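Colleague: Predicted model and sequence follow; I will ask about them next.
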Amino acid sequence: MLAAEKIDTTKACKLSKAGNISTLHVAQALNVLRAAGERQEPDVRSPELKQLDAHFPAAKPEDFIICYGGPGEDVVLTPPLKQFDATARAWMSGAGLPRELGDTLVNPISKVAQHTAAMTQDQLESYGFSEFAKLENAFRATLHEKLVAGGRWYIAAHGHNDGHNEVRWR
């Protein structure tokens, strides 16, 4: 019933009826049992890194504070903004970010997303070039090194690189 990462719904229904509990609870219990039975990789982090990670635990999606709009501005969460909010929270939590770092990242990202939402493809490209010029001006000789380090972090955090093998320069 737990094989092939699927739950046999017929057997789950029979279990729920026999135990007088919901099928959903049976499915959740089977998922917990399957996860417990999976082989866990050993934690190879150093004691110092384990201690550091303990001080900055990963936040749950609902722990992040995301401010939309300026101070005192009452922003209505439209369906696309709600989708962005849910995606951002899930990504940050899934990446294991602590609440403080996640808040620091998502607020500028949300402002850029709001600013660029109505832009055409040509406007987005122009905006991208102007923002990249700001990065070049701010970081000068170390920009390439920082972008490569960011790419390495992404691959380490996600286990893959989504097919992007190199930083593309204009």
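Modeller: Received it, and whenever you're ready, just let me know what you need.

Colleague: For residue 97, give me phi and psi.
Modeller: phi -80, psi 140 (degrees, to the nearest 10).

Colleague: wait, what's in contact with it?
Modeller: Residues in contact with residue 97 (Cβ atoms under 8 Å, 6 or more residues apart in numbering) are 58, 59, 105. Where C-beta positions appear, they are placed from N, C-alpha and C, glycine not excepted.

Colleague: So which bits of stretch 136-145 are buried?
Modeller: For stretch 136-145, the neighbour count (16 or more other Cβ atoms under 10 Å) marks residue 143 as buried.

Colleague: where in the protein is pLDDT low?
Modeller: 1-20, 22-38, 154, 157-170 (pLDDT under 70).

Colleague: What segments of it are helices?
Modeller: 9-19, 23-37, 47-55, 79-94, 99-116, 121-139, 143-158 (DSSP state H).

Colleague: buried subset of the contacts of residue 97?
Modeller: 59, 105.

Colleague: quick one: which of the contacts of residue 97 is nearest residue 47?
Modeller: residue 58 (19.0 Å; Cβ to Cβ).

Colleague: Counting neighbours, what do you get for the closest residue to that closest one other than its chain neighbours?
Modeller: The shortest distance from residue 58 to any non-neighbouring residue, by Cβ to Cβ, 6 or more residues apart in numbering, is to residue 96 (4.1 Å). Residue 96 is flanked by 14 other residues according to other Cβ atoms under 10 Å.

Colleague: same deal with the one 3 residues further on?
Modeller: Using other Cβ under 10 Å as the criterion, residue 99 is surrounded by 17 other residues.

Colleague: coming back round to it: how about TSV for the contacts of residue 97, with distance to residue 42 added?
Modeller: Listed next are these as TSV, based on distance: Cβ to Cβ, whole Å:
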residue	distance to residue 42
58	19
59	25
105	30
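
Colleague: circling back: nearest to residue 70, out of the helices of the chain?
Modeller: Nearest to residue 70, of the helices of the chain and by Cβ to Cβ, is helix 99-116 at 9.5 Å.

Colleague: what's that closest one packed up against?
Modeller: In terms of contacts (3 or more Cβ pairs under 8 Å, 6 or more residues apart in numbering; DSSP states H and E), helix 99-116 is packed against helix 79-94, helix 121-139.
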